[in-house]
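K.L.:
Structure for this input, please:
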Amino acid sequence: MKRIILMVMPLLLIMLAFRPVKIHTVSGTVTDEKGMAVPFASVKVKGTTTGGAADSKGNYQIAAPSGNAVLQFSALGYENLEVNISGRNSIHVSLKSVSLKTEDVMVNRAYGLKVKESRQFGGRAPLTSGYISRDETYYRTDKDGEYIDFNREGYDKITENRFLKATDNPLSTFSIDVDAAAYSNIRRFINNSQLPPAGAVRIEEMVNYFKYEYPQPTNGDPFSINTEISDAPWNKDHKLVLIGLQGKKIPTENLPASNLVFLIDVSGSMQTAEKLPLVKSSMKLLVDQLRQEDRISIVVYAGAAGLALAPTSGADKTKIKDAIDRLEAGGSTAGGAGIKLAYRVAAENFVKKGNNRVILCTDGDFNVGESSDDAMERLIEQERKGGVFLTVLGYGMGNYQDAKMQKLADKGNGNHAYIDGISEAKKVLVNEFGGTLFTIAKDVKLQVEFNPAKVQGYRLIGYENRMLAKEDFNDDKKDAGELGSGHTVTALYEIIPVGVKSSFLQKVDSLKYQANIQPLSKTSYNEEIMTVKFRYKAPDGEVSKLMEHPVKDRQIAIASTSENFRFAAAVAEFGMLLRESEFKSSASFNNVVAMARKAKGTDEEGYRAEFIRLAESAQMLAANKKDPKIIREGEEVRSEK
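P.N.:
Below is the predicted model of the structure:
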């Protein structure tokens, strides 16, 4: 009998080990007390690493290990909620908004010691983990207030564009920018109950994160040109001019064949949940969009670079996803070697008249081999000559190198997005698939000439790192931004009309050797306030084409402007408040929220509603902005500003 039991026992153990695992799927919606959706609320299975987020309409779906598991719901500004599944497959929850008393912030100078998390939040609750800011240096804490690591995120300093006199500087020249990384990164900060550092606030990327309803181009042009003029919402004496470009929308089925090379950072810094695991989920979303004629390769890099997947047809989705699932993080980061190999693979499989692109997924924390900004930029500039474009997808927090990734995308004829969750991955790689990955016009430049009979001074809002010399406009060797299929680009100029007294315009002495230039009489092009000129090249072209668009001074009341104008103005005003801009005048969070609400429109994806929520959260964070108290063992020391 014992012999029989001993013989049967291994077989029973094997059968138990390979028994099917029961998964209990739960779906539902997350709303507030008024029944309004709570976009992107966090949904987790308690005691596990399983989790996700609701979509923009508050809908969620999650797979739990059993019908007895507990779900945890949380969102910025609401009480956390735990719900026992109790065998249910549909659970709708309502989160309660909360008010908090001031919490003392304590940070120990000895980095390894326990800290008590801390800030004043006025009307909304903080998340259980977050960033404590002091002089734009960040310390990360876990839910128990334990110090985790020193934050090494890298942002370039932004020097805001100033007001210039139209008589002295009649031309304003810049490159377009379709990147939207700044907005999703700012969202990450605010959702972690932290105002972003000024260097993270690129207003043009905030404005261009959103979709605007401009008309499609006609007459074979790759984009349409649209302008609108009204009062500046934050300064009644100034005018605001909107310039909007709408890229030609090409249906996905009509896009040329793609040769995509995913370049994946699998170094040790990519181990956390918001990095490589999110990268893998993002890639799978893109794989589902691929067609049989598309080809995808995967190059990985850590201490060295290697080919994880040879070029594979987009029809073979199972093979591609299996290769993605095998990716694991560990080691140092040899970014330069990975970039070289990725471009080599792209060149070897180059598709003429096709979409040839390297998609870099990383936190930007390169630390082995060619890793300096200069070395990486020169490498990318050299590789782009082969006709391969670059998309940079940034992931993670704590060591996210925003400045480096901006430079790589700019130098690589590409675009840059920050993926802060699976919803953003879906926006970039599914909803905006053509715009993200297929270029319809490259080296797109704008040059605006202002009529000094009407314009005393002007400033371009944002685009600080995209400014060009006036001579660059006609120089076809000068690199500029790319426009993707269906993409929109919006730029805003704040104008000081002739006759308005302004402290923003500084006087200079009269020139000794030059004749003093007199403004044009009001009979000279008296209907035009400015002329906008555009230059662009075909994706495979080397000679630019010129387009001109005179703008007549036909100002209308802001209440009568389009939703495009009012929402873009609200986003720009929000950016100036976050940057604490010296040009914000009477800007206020209340005005931002009110104007955005009236310009929300249909908002099918819920992105504009989410913006309103973020503005409200930022208003409360700004109202209670305060340096943390610093505590040594046994004593309390207030930090100095």
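
K.L.:
can you give me the helices for the stretch 101-250 of the chain?
P.N.:
With DSSP state H, counting those that start in this stretch as the criterion, the stretch 101-250 of the chain has helices at 181-191, 203-207.

K.L.:
And the stretch 501-641 of the chain, by the same measure?
P.N.:
Listed in chain order, the helices of the stretch 501-641 of the chain (DSSP H, counting those that start in this stretch) span 563-579, 589-598, 607-623.

K.L.:
Looking at the shortest one now, give me its mean pLDDT.
P.N.:
Summarised as a single mean, pLDDT over helix 589-598 is 97.

K.L.:
between that helix and helix 563-579, how many degrees?
P.N.:
Following axes from the mean of the first three to the mean of the last three CA atoms, to 10 degrees, one obtains 150 degrees for the angle between helix 589-598 and helix 563-579.

K.L.:
tell me what helix 589-598 is packed against?
P.N.:
Judged by 3 or more CB pairs under 8 Å, 6 or more residues apart in numbering; DSSP states H and E, the packing partners of helix 589-598 are helix 563-579, helix 607-623. C-beta here means a position set from N, CA and C on the backbone, and glycine is covered the same way.

K.L.:
in terms of contact, does Ala257 touch Gly354 like I think?
P.N.:
Yes - using CB atoms under 8 Å, Ala257 is in contact with Gly354, at 4.6 Å.

K.L.:
quick one on the thing from earlier: for Asn415, find the nearest of the helices of the stretch 501-641 of the chain.
P.N.:
Ranking the helices of the stretch 501-641 of the chain by distance to Asn415, with CB to CB as the measure, places helix 607-623 first at 17.8 Å.

K.L.:
picking up where we left off before, compare the helices and strands packed on helix 589-598 and say which comes out lowest on pLDDT.
P.N.:
Averaging pLDDT over each of these singles out helix 607-623 as the lowest, with a mean of 94.

K.L.:
So which other helices or strands are in contact with that helix?
P.N.:
The elements that helix 607-623 packs onto, with contact taken as 3+ CB pairs under 8 Å, 6+ apart, are helix 181-191, helix 563-579, helix 589-598.

K.L.:
who wins for proximity to Ala618 among these?
P.N.:
Relative to Ala618, the nearest member of the helices and strands packed on helix 607-623 by CB to CB is helix 181-191, separated by 5.5 Å.

K.L.:
can you list contacts of the closest one?
P.N.:
Surrounding helix 181-191, the residues in contact under the criterion CB atoms under 8 Å, 6 or more residues apart in numbering are 40, 76, 127, 131, 195-196, 200-202, 205-206, 209, 394, 397, 400, 402, 405-406, 416-420, 424, 578, 610, 614, 617-618, 621.

K.L.:
Can you give me the distance of the closest residue to Ala181 other than its chain neighbours to Lys600?
P.N.:
Residue nearest to Ala181 in three dimensions, not counting chain neighbours: Tyr418, with 4.0 Å by CB to CB, 6 or more residues apart in numbering. Between Tyr418 and Lys600 the distance, using CB to CB, to the nearest Å, works out to 23 Å.

K.L.:
coming back round to it: kindly reformat the helices and strands packed on helix 607-623 as a markdown table containing distance to Leu286 and mean neighbour count.
P.N.:
Written out in a markdown table, the entries for the helices and strands packed on helix 607-623 read as follows (distance: least, CB to CB, whole Å; neighbours: other CB atoms under 10 Å):
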| stretch | distance to Leu286 | mean neighbour count |
| --- | --- | --- |
| helix 181-191 | 17 | 24 |
| helix 563-579 | 27 | 25 |
| helix 589-598 | 31 | 18 |
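
K.L.:
Using JSON lines, please lay out these together with distance to Pro215.
P.N.:
Converted to JSON lines, the helices and strands packed on helix 607-623 look like this (distance: least, CB to CB, whole Å):
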{"stretch": "helix 181-191", "distance to Pro215": "24"}
{"stretch": "helix 563-579", "distance to Pro215": "11"}
{"stretch": "helix 589-598", "distance to Pro215": "22"}
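
K.L.:
Distance to Asp443 added to the helices of the stretch 501-641 of the chain, as TSV?
P.N.:
Formatted as TSV, the entries for those read as follows, by distance: least, CB to CB, whole Å:
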stretch	distance to Asp443
helix 563-579	24
helix 589-598	33
helix 607-623	29
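
K.L.:
Between the ones you listed, which one is closest to Glu328.
P.N.:
With CB to CB, the closest approach to Glu328 among the helices of the stretch 501-641 of the chain belongs to helix 607-623: 33.1 Å.
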